[in-house]
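Participant: have a look at this fold, sequence not included:
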């Protein structure tokens, strides 16, 4: 049986990331970047698909984990009858090399330890050629080489590398795994202790820059560190998650590759960074967004690789049995070929927010926006696949139309506020036409609620964003009616579902967990509609769902009380930061922003 998703920790180097189980096993690692092939894929199969285990050889009676304050350095303590040990795990931050550092520290007694290194390149399918070069163990296959450096004697056993050793109180035994392209020369081994100190100092220096001082600062800082860890440093792109195919239902088929950058997340990302004072990271994300969005507007995708690559062809990895038997395992994402109107609104809203927050203007941004808006002007009335990347027939999704309205609304405001040149009156007319259509076709007057798509009787949690983007004020009866309807009909044990999968809207078998970002959006809606105590209570409950390290996944199974979906999920942590911000500002400030048709908790120069 696989470990529960919540039993994993994240370590990373801002190029890629690994998941470390509470049993001491690294079960997922892609090198050299997030979307590369995995060399450890036990997460989606078993040990034979690749892992790196370091743990006590005897029975473990207790496990405690924590991150060092303000860092992504993981400490896992194991209690045994022989004594206690601590494993320190991190990935040093560097633009020149890729390393995983593991230090075993004796805390008490003398503990027998075991190490098992199973390297399987290309998602568990390739067994490397392993050889020694002095004190270094080399594992090579095709373009990839991993080098193991350690003072512990290791040996081969059944196509894996193993070791048995002891650690006494006060003793520290390091292991360092270095990746390099196989055609490049061997790199000098890192100094474990110096590297650990440098990595800790780097993370602490970064986290201390956080300007958020609200009541939930610790949770916000941990979420920001997680977002930083999901950032591809060379380009500024932020992946939705470091994993693929962690299922949205136990044993189900809703298994998607999230190791890419979604335009859907653009505004949430920028706002989260700006709220905490991370302007350099916000600028880097904006620049990634502009590079990705450049080109023909009809070719705008909803997601790209960390470098902005467009070809993300989806294939199924048949040799992996999947997490808990959930198949297929997918690499790539066919949603990259979908048509989604909402991404145009996300791009416009992000660039509007950047201007309002005082980021240094990008000279070419407005020219790109003009091209995108010209395209949207003649295409906003088309059906699309919607925010949830429905794999069924295209529909006139209400949220998609709302975001098309956002695109023209933000363009109009930018022209008014910043003197940008464009067809102001024409776009005002388009904006008003979209608004009128949504209020007529996307709203069911009889039930007093907005609906998932035009003519549909169904609800959708994306409708909770209507007051968040300024389409209607929170106290509008239609907004309140929609929030009430979602509370009655789209919740499970107090948490929010994205939509009813039993309606066949996506043509997939029904069933998935509650969606944590949408649950944060409900908390926002409760706060904005004057139900602050209820909103705060829901926020506290969501915080309590995080694992012992403060990490959250995409979804949650309320019956089994387990996390579901890819992990950790960037959008969930962005939503956490946004709700913490909303709960930390005066109600009048949020109300004033809503009255102006802006995001109530947006980071601006005046906030």
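Facilitator: Alright, I've got the coordinates. The shown structure was predicted, so the numbers you read here are calculated from the model rather than taken from an experiment.
Participant: now do the helix or strand harbouring residue 344: distance to the chain's middle.
Facilitator: Element membership for residue 344, per DSSP states H and E: helix 342-356. Distance, stretch centre to chain centre, for helix 342-356: 19 Å (Cα atoms, centre = their mean, to the nearest Å).
Participant: report the buried residues of that helix.
Facilitator: Neighbour-count burial for helix 342-356, counted by 16 or more other Cβ atoms under 10 Å, picks out 342-356. Any C-beta I mention is one placed from the backbone N, CA and C, and that applies to glycine too.
Participant: of these, closest to residue 543?
Facilitator: residue 353 (25.4 Å; Cβ to Cβ).
Participant: what residues are up against that closest one?
Facilitator: 267, 270-271, 274, 599, 602-604 (Cβ atoms under 8 Å, 6 or more residues apart in numbering).
Participant: avg pLDDT for the helix ranked longest in the chain?
Facilitator: In the chain, taking DSSP state H as the definition, the longest helix is helix 398-418. Average pLDDT, helix 398-418: 97.
Participant: before we move on, what about stretch 77-89?
Facilitator: On average, stretch 77-89 scores 98.
Participant: please apply the same query to stretch 434-451.
Facilitator: pLDDT averaged over stretch 434-451 gives 98.
Participant: output the below-cut-off pLDDT ranges for this structure.
Facilitator: 605-607 (pLDDT under 70).
Participant: show me which strand runs longest in it.
Facilitator: Counting by DSSP state E, the longest strand found in the chain is strand 98-118.
Participant: was I right about residue 560 contacting residue 251?
Facilitator: No. Between residue 560 and residue 251 there is no contact under Cβ atoms under 8 Å: 11.6 Å.
Participant: what's near enough to touch the residue nearest to residue 489 when sequence neighbours are not counted?
Facilitator: Once flanking residues are discounted, residue 489 sits nearest to residue 459: 5.8 Å by Cβ to Cβ, 6 or more residues apart in numbering. Taking Cβ under 8 Å, 6+ apart, we find residue 459 in contact with 449, 451-452, 482, 485-486, 489-490, 499-500.
Participant: try it again at 7 Å.
Facilitator: Residues near residue 459 by Cβ atoms under 7 Å, 6 or more residues apart in numbering: 449, 451-452, 485-486, 489-490, 499.
Participant: and which of those residues is nearest residue 50?
Facilitator: Looking across those and measuring by Cβ to Cβ, the closest to residue 50 is residue 499, at 36.0 Å.
Participant: against residue 144, how distant is the closest one?
Facilitator: 41 Å (Cβ to Cβ, to the nearest Å).
Participant: compare neighbour counts for the two and give me the winner.
Facilitator: Neighbours were counted for residue 499 and for residue 144 using other Cβ atoms under 10 Å; residue 499 has more, 24 against 21.
Participant: need the strands for the stretch 501-607 of the chain, in chain order.
Facilitator: Ranges of strands in the stretch 501-607 of the chain, per DSSP state E, counting those that start in this stretch, are 514-515, 555-557, 562-564.
Participant: the last one pairs with which strands, and in what direction?
Facilitator: To tie it back to what came earlier, the one meant is strand 562-564. strand 555-557 (antiparallel) (DSSP bridges).
Participant: still on that earlier bit, which of the contacts of residue 353 fall in helices?
Facilitator: 267, 270-271, 274.
Participant: turn those residues into JSON lines, including neighbour count and distance to residue 379.
Facilitator: Formatted as JSON lines, those follow (neighbours: other Cβ atoms under 10 Å; distance: Cβ to Cβ, whole Å):
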{"residue": "267", "neighbour count": "29", "distance to residue 379": "21"}
{"residue": "270", "neighbour count": "28", "distance to residue 379": "25"}
{"residue": "271", "neighbour count": "25", "distance to residue 379": "27"}
{"residue": "274", "neighbour count": "25", "distance to residue 379": "30"}
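Participant: and of the residues you listed, the nearest to residue 398?
Facilitator: residue 267 (18.3 Å).
Participant: wait, isn't the closest one in contact with residue 349?
Facilitator: Yes. If you go by Cβ atoms under 7 Å, residue 267 and residue 349 touch, sitting 4.6 Å apart.
Participant: buried set for stretch 232-243?
Facilitator: 232-233, 235-243.
Participant: and those residues, which is closest to residue 131?
Facilitator: Checking the buried residues of stretch 232-243 one by one against residue 131 (Cβ to Cβ), the nearest turns out to be residue 242, at 30.2 Å.
Participant: in a strand, the closest one, correct?
Facilitator: No. Per DSSP: H, G, I helix; E, B strand; the rest coil, residue 242 lies outside any strand segment and is coil.
Participant: how close does it sit to residue 566?
Facilitator: Residue 242 is 8 Å from residue 566, where distance means Cβ to Cβ.
Participant: Three-state assignment for residue 39, please.
Facilitator: strand.
Participant: and residue 327, by the same measure?
Facilitator: On the basis of three-state DSSP, residue 327 is classed as coil.
Participant: can you pull the buried residues of whichever helix or strand residue 435 is part of?
Facilitator: Assigned by DSSP H and E, residue 435 belongs to helix 424-441. By neighbour count with 16+ other Cβ under 10 Å, helix 424-441 contains the buried residues 427-428, 430-431, 434-435, 437-438.
Participant: quick one: strands adjacent to the helix or strand following that helix?
Facilitator: Using DSSP H and E, the helix or strand that follows helix 424-441 in sequence is strand 443-444. Looking at strand 443-444 with DSSP bridges, its partner strands are strand 449-450 (antiparallel).
Participant: so what touches the partner strand?
Facilitator: 398, 442-443, 459, 463, 466, 478, 481-482, 485.
Participant: surely residue 259 meets residue 35?
Facilitator: Yes. With contact defined as Cβ under 7 Å, residue 259 counts as touching residue 35 (4.4 Å).
Participant: in terms of neighbours, single out the busier of those two.
Facilitator: Taking neighbours as other Cβ under 10 Å, residue 259 and residue 35 compare with residue 259 leading, 26 against 23.
Participant: now do the SS call for the more buried one.
Facilitator: Applying three-state DSSP: residue 259 is coil.
Participant: residues contacting it?
Facilitator: If you count contacts by Cβ under 7 Å, 6+ apart, then residue 259 has 34-35, 239, 241-242, 244 around it.
Participant: and residue 173, by the same measure?
Facilitator: Here residue 173 is in contact with 104, 151-152, 165, 167 (criterion: Cβ under 7 Å, 6+ apart).
Participant: now with 6 Å?
Facilitator: With contact set as Cβ atoms under 6 Å, 6 or more residues apart in numbering, residue 173 has these partners: 104, 167.
Participant: would it count as being in a strand?
Facilitator: Yes. Looking at residue 173 with three-state DSSP, it is inside a strand.
Participant: bridging residues for it?
Facilitator: Bridge pairing for residue 173 - DSSP bridges - gives residue 104.
Participant: separation between residue 15 and residue 428?
Facilitator: 45 Å.
Participant: quick one: residue 551 and residue 10, what's the gap?
Facilitator: Applying Cβ to Cβ to residue 551 and residue 10 gives a distance of 6 Å.
Participant: same question, residue 311
Facilitator: Residue 311 is 27 Å from residue 10, by Cβ to Cβ.
Participant: tally of neighbours for residue 300?
Facilitator: Residue 300, neighbours per other Cβ under 10 Å, totals 22.
Participant: what's the closest non-adjacent residue to residue 249?
Facilitator: Closest to residue 249 by Cβ to Cβ, 6+ apart is residue 511, at 4.5 Å.
Participant: which other helices and strands does the longest helix of the chain contact?
Facilitator: helix 342-356, helix 424-441 (3 or more Cβ pairs under 6 Å, 6 or more residues apart in numbering; DSSP states H and E).
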